[in-house]
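J.: Just need the structure, nothing else, for what follows:
(one chain, ligands or ions: 2)
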Amino acid sequence: MPCLTILRYPDPRLHTVAKPVQGVDARIRQLCDDMLETMYANDGVGLAATQVDVHERVIVMDTSEGRKQPVVLINPELVATSDEMATAEEGCLSVPQIYESVQRHARVTVRAQARNGETFELECEGLTAVCVQHEMDHLRGKVFVEYLSAFKRDRIKTKMLKKTREEQAPRRA
Ligand code: GNR
Ligand code: NI
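T.: Ligands and ions are numbered 1, 2, ... in the order given. Okay, here's the model as predicted:
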């Protein structure tokens with residue numbers, strides 16, 4: 001399967017709210033596999049379906065050191081969040097080469113369905129907690145740059161538009 005195309009900020013489709021998955025069927029399992037392949041190929045620790053222009057509640061991630069522990073979260077819901085907050089530098093495959101600090105819950109517990117349709121819960125901290133919250137934001141149409149000041153966000157928007165324009169410009173011999 002070829003890699004999926006990742007939408008780049010400020011593409012308006014990144015602000016689409018994802019719908020719940022009705023049944024974990026072959027189509028959804030194929031989507032999970034294609035998303036994992038796309039995530040690994042782009043050296044990401046997570047990917048939300050929104051980023052590949054599929055507006056259903058599917059997330060894949062792998063925050064392990066060896067990057068051989070894929071996690072699939074279908075219809076994820078946060079069932080617990082810590083009062084304690086933590087600030088970390090975030091990046092996003094939809095906003096390449098931009099890294100900014102974002103404050104989030106230090107720990108979260110997420111309930112989701114796995115690739116086999118079974119419901120499970122995952123207690124997360126550190127990078128995994130950051131990643132789960134970052135990906136769940138994508139599913140509700142939110143990109144991490146929306147936590148930044150309007151000034152910073154506009155600067156990033158302009159930079160991304162310029163970058164995309166340059167990449168699409170016809171090459172001269
Ligand atoms: O690959 C990614 N790295 C990352 C680093 C810090 C905080 C969040 C992330 S998620 C990001 C992949 C991505 O864009 N997922 O939506
Ligand atoms: Ni992202």
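J.: I'd like to know how far the nearest residue to residue 164 once chain neighbours are set aside sits from residue 121.
T.: Taking CB to CB, 6 or more residues apart in numbering, and ignoring the residues beside it in sequence, residue 164 has residue 8 as its nearest neighbour in space, at 6.0 Å. C-beta coordinates here come from the backbone N, C-alpha and C atoms, glycine included. Using CB to CB, to the nearest Å, one gets 33 Å for the distance from residue 8 to residue 121.
J.: Compare neighbour counts for the two and give me the winner.
T.: The neighbour count for residue 8 versus residue 121, taken as other CB atoms under 10 Å, is higher for residue 8 (18 against 11).
J.: pretty sure that one belongs to a strand, no?
T.: No: checked against DSSP: H, G, I helix; E, B strand; the rest coil, residue 8 lies outside a strand; its state is coil.
J.: Could you measure from it over to ligand 1?
T.: As defined by CB to the nearest ligand atom, to the nearest Å, residue 8 lies at a distance of 11 Å from ligand 1.
J.: give me phi/psi at that residue?
T.: Summarising the backbone geometry of residue 8 under the convention degrees, to the nearest 10, its torsions are phi -110, psi 130.
J.: Can you give me the pLDDT of it?
T.: The confidence metric pLDDT takes the value 97 at residue 8.
J.: I'd guessed it sits against residue 159; true?
T.: No: shown here, residue 8 and residue 159 do not form a contact pair, counting by CB atoms under 8 Å, at 11.2 Å.
J.: Can you give the distance from whichever helix in the chain runs longest to the centre of its chain?
T.: In the chain, ranked by residue count with DSSP state H as the criterion, the top helix is helix 150-168. Here the centre of mass of C-alpha atoms in helix 150-168, compared against the chain's by CA atoms, centre = their mean, to the nearest Å, lies 19 Å away.
J.: Using PDB, write down the CA coordinates of that helix.
T.: C-alpha atoms of helix 150-168 as PDB (Å, rounded to 0.1, in the frame of the first residue of the first chain):
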ATOM      1  CA  ALA A 150      -2.500  34.700  17.200                       C
ATOM      2  CA  PHE A 151       0.800  36.400  16.400                       C
ATOM      3  CA  LYS A 152       2.800  33.100  16.400                       C
ATOM      4  CA  ARG A 153       0.000  31.200  14.600                       C
ATOM      5  CA  ASP A 154      -0.200  33.700  11.800                       C
ATOM      6  CA  ARG A 155       3.600  33.600  11.400                       C
ATOM      7  CA  ILE A 156       3.400  29.800  11.100                       C
ATOM      8  CA  LYS A 157       0.500  30.000   8.700                       C
ATOM      9  CA  THR A 158       2.500  32.400   6.400                       C
ATOM     10  CA  LYS A 159       5.600  30.200   6.600                       C
ATOM     11  CA  MET A 160       3.600  27.100   5.700                       C
ATOM     12  CA  LEU A 161       1.800  28.700   2.800                       C
ATOM     13  CA  LYS A 162       5.200  29.900   1.400                       C
ATOM     14  CA  LYS A 163       6.800  26.500   1.900                       C
ATOM     15  CA  THR A 164       3.900  24.800   0.100                       C
ATOM     16  CA  ARG A 165       4.000  27.300  -2.700                       C
ATOM     17  CA  GLU A 166       7.700  26.900  -3.200                       C
ATOM     18  CA  GLU A 167       7.400  23.100  -3.300                       C
ATOM     19  CA  GLN A 168       4.700  23.300  -5.900                       C
END
